[in-house]
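Chemist: Here is the input, now give the coordinates:
(2 chains)
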Amino acid sequence: MSLLVRYAEQSRPPLRFFLDGQPQTALSGDTLLTAILTCANRLRQSEFTGENRAGFCLMGACQDCWVQVRRGNGPVERLRACSTLLEDGMSLSTSPAAPPVMTGDLP
Amino acid sequence: MNSPVSTPLRPVIIGAGPAGVRAAVTLAAAGLRPILIDEAARPGGQIYRQPPAGMTRPPEALYGFEAAKARAIHTALAPYAGQIEHRTDTLVWNIERGALDLMHRTADGQPVSTVLPYDSLILATGATDRILPLPGWTRPGVYTLGGAQIALKAQGCGIGQRVVFAGTGPLLYLIAYQYAKAGATVAAVLDTAPFANRIRALPGLLNCPDTLLKGLYYTAWLTLHGVPLHSGVILREVAGPEGAVSALHWRDSHGQDRETACDGIGLGYGLRSETQLADLAGCSFSFNDLHRVWLPDRDAAGRTSVTGVYVAGDGAGIAGADAAEAAGERAALALLQDRGLSVDTARITVLDRRIARFRRFSAALWTAFPVPAGWAQDLPDSMTLCRCEEITVGTLRRTVQADAPTELNRLKALSRIGMGRCQGRMCGVAAAEVLAHETGRPVSAIARLRPQPPIKPLPAATIPADTAGEATP
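Modeler: Below is the predicted model of the structure:
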């Protein structure tokens, strides 16, 4: 189900996060884009057709990787996944639904 | 505007890639205290992009033959830490009335906008991939060539296990080599440029024999390792089940339809300069026949039509990282001269020669890897051209038939092409080719998309802060 493949730098410390409400694991230094696409096959859905998108340019130009992020029980933010680093415990959404508040313990 | 001889403001450089870093260091060495602004957290630009802290591969593993140059750019600012103010993670989102609008985030993530007045400004804004879409290009698994490379060097990830690199340009071969070395299967390299173009470009390419040799090395390495390389192809369609890539359909140089199974595709047709800020700064532009895009007018040193505004590096026309280093230094020397400061004229002669040689080389690269002729004529109406708002080629054709726009901004107003979040960075080149083809006019005659501030999306929660300018040299 993952879209990106890890080829190197795999001995970094793990980070835990929630993706559409499910606990997942990524690595310290991962962007949101890397964290999501090494677990799943989309970042977001198009506002027009609903088709899956997974970013395109990875350098902050195409604007096709904005995702909804929540830290703890804070407000929902929209962040560009290719240029934002993952933080432990973030709750991310790859659909139009807001990322759920996930305050319970991560596995 | 302030007189440059009384109390000049600190010079401002936008972009911390090879051009911006060399410009900053040159100004600092002359005793000035430049402000260097960049969207990234660490210097290097996209070409020498540094992975986040905590990654362990050495520059040799990330940048190959260019490791020494990358390391030099990464470490160049440190000796001038007290003189160069490096504002990282900062977006310049507008230029208006002699001041920059900047956005950065505070430690708790709050986006804040500040105003920075300038009287000298070096724009080293770099480039992104030049994209010509094909049916299916919005599917997850299709990335720009530059994006495919960034995934690997900044994150240690590839865009698939079995990858095709398609389009044209020298990056195709470099990135295919880097992926194969990393352990990916490179299913094919599909170049739309006929091989004969490379033979024709050879005399010009000999201006930079080292770079030419590296290109030949990558090509030979790929051939030796059984990677299929095809030239003169036509890219037809990205195919697969919904939301995924399983194959690229293409036509070979003999007219035979073919299909290559893959789960990732890197796509690009050379690079395209990021010129929005030069436009907002009021610089005049001209159409460049070689690059087939509008570029800011500049003299050999990088002076634009606006006094005190300079352009350097790929943002001023694509010429590559080595040329960008020379042009960044050259623009900084021009700035010093224009402030009445003494400069090393022998150094200027060396740089001017070097820059001229790089330009001849880069001109030959456009001969070797041109935008495919007639690209716009066979596109299906159903193909998405604008990935932001999913506007199709058919919509553009119907708009041209119904309303007869002859200029790109008019077509934008009528169809919303180029009006989405990327402001035409991904679709602008293609939209210009389609409009030119549909109206039977040359691309040079249909103008360019006007940039609009903010040049990239800002969070609605961005709060304005006080003016952050300082009046020290």
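Chemist: Measure how buried residue B:219 is and give me the count.
Modeler: By the criterion of other Cβ atoms under 10 Å in any protein chain shown, residue B:219 has 20 neighbours. In short, each C-beta sits where N, CA and C put it, glycine included.
Chemist: Please read the previous query as pertaining to residue B:161.
Modeler: Applying other Cβ under 10 Å, we find 14 residues neighbouring residue B:161.
Chemist: I'd say it and residue A:5 touch.
Modeler: Yes - in this structure residue B:161 lies within contact range of residue A:5 using Cβ atoms under 8 Å: 5.5 Å.
Chemist: Now for those two: what residues contact both?
Modeler: residue B:184 (Cβ atoms under 8 Å, 6 or more residues apart in numbering or on different chains).
Chemist: The lowest-mean-pLDDT helix or strand in chain A packs against which elements?
Modeler: Lowest on mean pLDDT, DSSP states H and E among the helices and strands of chain A sits strand A:76-80, with a mean of 94. With contacts defined as 3 or more Cβ pairs under 8 Å, 6 or more residues apart in numbering or on different chains; DSSP states H and E, strand A:76-80 has these neighbours: strand A:66-70.
Chemist: so what strands line up beside the strand it packs on?
Modeler: Taking DSSP bridges as the criterion, strand A:66-70 forms sheet pairs with strand A:76-80 (antiparallel), strand A:91-93 (antiparallel).
Chemist: Tell me which of those strands is the most buried.
Modeler: strand A:91-93 (a mean of 23; mean count of other Cβ atoms under 10 Å in any protein chain shown).
Chemist: contacting residues around it?
Modeler: A:17-21, A:32, A:35-36, A:67-71, A:99-102.
Chemist: In helices, which of these fall?
Modeler: For these, membership in helices holds for A:32, A:35-36, with DSSP state H as the criterion.
Chemist: Export these as CSV, with columns for distance to residue B:77, pLDDT and neighbour count.
Modeler: Output for the ones in helices among the contacts of strand A:91-93, formatted as CSV (distance: Cβ to Cβ, whole Å; pLDDT from 0 to 100; neighbours: other Cβ atoms under 10 Å in any protein chain shown):
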residue, distance to residue B:77, pLDDT, neighbour count
A:32, 27, 98, 26
A:35, 29, 98, 27
A:36, 32, 98, 31
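Chemist: Among the contacts of strand A:91-93, the buried ones, what's the ChimeraX command?
Modeler: In ChimeraX, a selection of the buried entries from the contacts of strand A:91-93 looks like this (16 or more other Cβ atoms under 10 Å in any protein chain shown):
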select /A:17,18,19,20,32,35,36,67,68,69,70,99,102
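Chemist: how far does stretch B:89-107 stretch from start to finish?
Modeler: End-to-end span of stretch B:89-107 (Cα to Cα, to the nearest Å): 12 Å.
Chemist: ok, now which ones touch the residue nearest to residue B:29 when sequence neighbours are not counted?
Modeler: Excluding the flanking residues, the one nearest residue B:29 by Cβ to Cβ, 6 or more residues apart in numbering or on different chains is residue B:80, at 7.6 Å. Contact analysis of residue B:80 by Cβ under 8 Å, 6+ apart lists B:24-25, B:28-29.
Chemist: distance of residue B:212 from chain A?
Modeler: 27 Å (Cβ to the nearest Cβ, to the nearest Å).
Chemist: ok, that residue - how many residues close by?
Modeler: 20.
Chemist: you'd agree residue B:67 is up against residue B:57?
Modeler: No - applying Cβ under 8 Å as the test, residue B:67 and residue B:57 come out as separate, 10.6 Å apart.
Chemist: contact partners of the least confident helix or strand of chain A?
Modeler: Identification of contacts with strand A:76-80 by Cβ under 8 Å, 6+ apart yields A:32, A:60, A:63, A:65-71, A:98-99, B:109, B:459.
Chemist: What about residue B:447, how many residues nearby?
Modeler: 18.
Chemist: my bad, residue B:129
Modeler: 30.
Chemist: helix/strand/coil for residue B:201?
Modeler: Secondary structure for residue B:201, judged by DSSP: H, G, I helix; E, B strand; the rest coil, is helix.
Chemist: Now do the contacts for it.
Modeler: Contacts for residue B:201 (Cβ under 8 Å, 6+ apart) come out as B:364-365, B:367-368.
Chemist: now it: how far from chain A?
Modeler: 27 Å.
Chemist: re the thing from before, including distance to residue B:430, could the strands paired with strand A:66-70 go into JSON lines?
Modeler: Putting the strands paired with strand A:66-70 into JSON lines (distance: least, Cβ to Cβ, whole Å) gives the following:
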{"stretch": "strand A:76-80", "distance to residue B:430": "23"}
{"stretch": "strand A:91-93", "distance to residue B:430": "31"}
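Chemist: Would you mind splitting chain B into its domains for me?
Modeler: Annotated domains of chain B cover B:12-128+B:272-342, B:131-269, B:375-445 [automatic domain parsing].
Chemist: first to last residue in the last one, what's the distance?
Modeler: Taking Cα to Cα as the measure, domain B:375-445 stretches 18 Å from start to finish.
Chemist: State the pLDDT value of the closest residue to chain A within the stretch 301-450 of chain B.
Modeler: Nearest residue of the stretch 301-450 of chain B to chain A: residue B:421, at 3.7 Å (Cβ to the nearest Cβ). At residue B:421, the model reports a pLDDT of 95.
Chemist: one step back: now, which of the ones in helices among the contacts of strand A:91-93 sits nearest chain B?
Modeler: Set against chain B, the nearest of these by Cβ to the nearest Cβ is residue A:35 (9.7 Å).
Chemist: From residue A:43, how far off is the closest one?
Modeler: To residue A:43, residue A:35 is 10 Å away according to Cβ to Cβ, to the nearest Å.
Chemist: do the same with residue B:97
Modeler: 38 Å.
Chemist: Looking at those two, which is more packed in?
Modeler: Using other Cβ under 10 Å as the criterion, residue B:97 and residue A:43 rank with residue A:43 on top: 24 against 7.
Chemist: since we're on residue B:118, how many residues are nearby?
Modeler: By other Cβ under 10 Å, 24 other residues sit near residue B:118.
Chemist: What sits closest to it if chain neighbours are left out?
Modeler: residue B:12 (4.5 Å).
Chemist: ok, the helix or strand where residue B:336 lies near chain A or not?
Modeler: Secondary-structure assignment from DSSP states H and E places residue B:336 in helix B:321-338. No - contact of helix B:321-338 with chain A (Cβ under 8 Å from any Cβ of the partner chain) is absent, the minimum separation being 14.9 Å.
Chemist: which is the next helix or strand following that helix?
Modeler: In N-to-C order, the element after helix B:321-338 by DSSP H and E is helix B:345-368.
Chemist: mind checking how far that following helix is from the chain centre?
Modeler: Centroid displacement of helix B:345-368 relative to its chain, using Cα atoms, centre = their mean, to the nearest Å, is 19 Å.
Chemist: In CSV: the contacts of residue B:201, plus neighbour count and pLDDT.
Modeler: What follows is these, written out as CSV (neighbours: other Cβ atoms under 10 Å in any protein chain shown; pLDDT from 0 to 100):
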residue, neighbour count, pLDDT
B:364, 22, 97
B:365, 24, 96
B:367, 17, 95
B:368, 25, 97
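Chemist: which two from those residues end up farthest apart in space?
Modeler: For the contacts of residue B:201, the maximum inter-member distance is 7.2 Å, found between B:365 and B:367 (Cβ to Cβ).
Chemist: Could I get the contacting residues of the closest residue to chain A within the stretch 201-350 of chain B?
Modeler: Closest residue of the stretch 201-350 of chain B to chain A, Cβ to the nearest Cβ: residue B:243 (3.9 Å). The contact partners of residue B:243, by Cβ under 8 Å, 6+ apart, come to A:41-42, A:51-52, B:139-140.
Chemist: Now the buried members of those.
Modeler: Among the contacts of residue B:243, those classed as buried by 16+ other Cβ under 10 Å are A:41-42, A:52, B:139-140.
Chemist: No further queries at this time; thank you.
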